[in-house]
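Visitor: Output the structure for:
(one chain, ligands or ions: 1)
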Amino acid sequence: MVGAVVTNNPRDRKLVTLAGIIPDADGLGMVVDVGLGLISGKEVTFHYYQQFHHLLMHGWPAALAVVALLAGFARNRARVFVFGLLTFHLHLVCDLIGSRGASPSDLWPICYGEPLFSHPIWIWRGQWRLDGWQNQSVFVVVFLVALWLAAGRGYSFVELAGRRVDTVFVGVLQKWRTRLRPKKPLS
Ligand SMILES: [Zn+2]
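Guide: Next comes the predicted model:
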């Protein structure tokens, strides 16, 4: 949604969106953990996942490095840099607010200086469960607004997977919208 509103071309839109998704790439250690578990036949330990997730790419050093790199591919570099930083940090704020585990003590802190500095560390004791009703409600609202925006603008978040798939997706949305619209009475 941020990308759709602040950019004026598909490339920059994708880059601003990517900046908001990329932080969780540090969770890919889980793939390595599961792979190692399958190869060794031992119980999966989640060693790499625990070691890197929320540490490697959830601080200002990664924000600057990743967003500067993404802006290098942009049409409007300054704009993508500024709004890439915004979506990157929106991700961190959302993690801070709503990424708790099953038990109330299973809080996820944001280690904002990692991996270069061990401080500051932020934690919110009221953190929502990752699968809690608050996150589910926000998801439903944001998802509906995104669909509504997509039908009006002619492109959606599916654009990340490719322009052609997105054209088909938006086409379906627009058909639905036409059906849902109340017909004007003939005067
Ligand atoms: Zn995250």
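
Visitor: Could you list the alpha-carbon positions for the helix or strand bottoming out on mean pLDDT in the chain in CSV?
Guide: Using mean pLDDT, DSSP states H and E, the weakest-scoring helix or strand in the chain turns out to be helix 47-52, at a mean of 74. Taking Å, rounded to 0.1, in the frame of the first residue of the first chain, the C-alpha atoms of helix 47-52 are listed here in CSV:
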residue,chain,number,x,y,z
HIS,A,47,20.2,-23.1,15.8
TYR,A,48,20.7,-20.8,12.8
TYR,A,49,17.2,-19.5,13.0
GLN,A,50,17.6,-18.6,16.7
GLN,A,51,21.0,-17.1,16.0
PHE,A,52,20.2,-14.8,13.2
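
Visitor: So residue 103: helix, strand or coil?
Guide: Classification of residue 103 by DSSP: H, G, I helix; E, B strand; the rest coil places it in coil.

Visitor: pLDDT weak spots in this protein?
Guide: Applying pLDDT under 70 to the chain flags the ranges 186-187.

Visitor: Strands of that one, residue ranges please.
Guide: 110-111, 121-122 (DSSP state E).
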